[in-house]
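Visitor: The amino acid sequence is not available; the structure is as follows:
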């Protein structure tokens, strides 16, 4: 049917981009509503039509003319000898959107109105314009993974196959997606790992696991973290102090002694160790020191900001 073709060709999306006036949209939507009921052409008068959609006759007449000029609707007028208030009109939608005259730039087509789905699990296939796909084009999404199966696979990851009841796990996964958002379920499974023996237990003790998750992820002791950093700074200074006391027996040269003194007196010795480590080849007598303490250094950028990635170590 013409109306079904209109919907299949993204007619409503194109209509949303058509930049019509309020009255013009009212006319088109009213005619589309008639189409749904199988009435593809409406025979009426402008006076009657204006009362149906709530606009005065002058506004309606301008809107009908504008839509007809842009070939969005098809209008046929009755006998012209009839008085204007009694003259009948036959009006219907032009279902072929390619025939519409839209206010777009020359490079905009009806395909710009098509809304593609978001990419999920690598199943999205982008169809290239002009491609030859034979009689039937391939679907945009090919065999998406069922939601319950994603949960089951996340649970199976890293577990011994002999300890898993596959049938029961899949059944419990289907229960979980009916009771909880899938993203939250996946987060819980990945966070707790083998601490969740079965999905059935997760479903029945959801609030318990939720409370533990919030406690483990949200409560960070800043004082404890600060104390740990200070402790590691002290460990590095103790190592440096020991070398300074043995500088004669280790035959450290002046430059090596200077480096150790900088590390010992620096406010952030672990950051300074990072820079010293970059030129360690200049300090042959400190090779063992760098090897033993490289795990303590705190990588930073040239501006002094701490970075997470540790540099490559020999």
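Guide: Okay, I see it. Keep in mind the model is a prediction, meaning the values are calculated, not measured. Numbering: from 1, shown residues only.
Visitor: shaky segments in the stretch 201-314 of the chain?
Guide: 219-223, 300-314 (pLDDT under 70).
Visitor: show me what contacts residue 71?
Guide: 94, 99, 100, 101 (Cβ atoms under 8 Å, 6 or more residues apart in numbering). C-beta: built from backbone N, CA, C; applies to glycine.
Visitor: try 10 Å
Guide: Residue 71 makes contacts with 94, 96, 97, 98, 99, 100, 101, 102, as judged by Cβ atoms under 10 Å, 6 or more residues apart in numbering.
Visitor: Could you identify the buried members of the residues you listed?
Guide: Neighbour counting by 16 or more other Cβ atoms under 10 Å classes 94, 97, 100, 102 among the contacts of residue 71 as buried.
Visitor: In strands, which of these appear?
Guide: Of these, none are assigned to strands by DSSP state E.
Visitor: Let me know the closest of these to residue 162.
Guide: The shortest approach to residue 162 among those belongs to residue 97, at 59.1 Å (Cβ to Cβ).
Visitor: Touching, the closest one and residue 11? I think so.
Guide: Yes. Counting by Cβ atoms under 10 Å, residue 97 touches residue 11, with 5.3 Å between them.
Visitor: domain assignment for this protein?
Guide: 2-112, 147-218, 222-296 (automatic domain parsing).
Visitor: a strand runs through residue 92, doesn't it?
Guide: Yes. Assessed with DSSP: H, G, I helix; E, B strand; the rest coil, residue 92 lies in a strand.
Visitor: which residues touch the closest residue to it other than its chain neighbours?
Guide: Spatially, and ignoring its direct neighbours in sequence, residue 92 is nearest to residue 41 (3.9 Å; Cβ to Cβ, 6 or more residues apart in numbering). Residues in contact with residue 41 (Cβ under 10 Å, 6+ apart) are 31, 34, 35, 74, 76, 90, 91, 92, 93.
Visitor: What of residue 272?
Guide: Taking Cβ under 10 Å, 6+ apart as the test, what residue 272 contacts is 236, 259, 262, 263, 264, 265, 266, 297, 298, 300.
Visitor: mind running it again at 6 Å?
Guide: 263, 266 (Cβ atoms under 6 Å, 6 or more residues apart in numbering).
Visitor: circling back to that earlier point, give me the distance between the residue nearest to residue 92 and residue 74.
Guide: For residue 41, the distance to residue 74 equals 8 Å [Cβ to Cβ, to the nearest Å].
Visitor: Need the overlap of contacts for these two.
Guide: residue 92.
Visitor: What segments of the chain are strands?
Guide: 41-45, 73-77, 88-93.
Visitor: What ranges does the stretch 51-200 of the chain have for its helices?
Guide: For the stretch 51-200 of the chain, the helices defined by DSSP state H, counting those that start in this stretch occupy 57-69, 147-156, 166-179, 182-192, 199-204.
Visitor: between those, which one is nearest to residue 282?
Guide: When the helices of the stretch 51-200 of the chain are compared (using Cβ to Cβ), the closest one is helix 182-192, at 45.2 Å.
Visitor: That's all I had, so thanks and see you.
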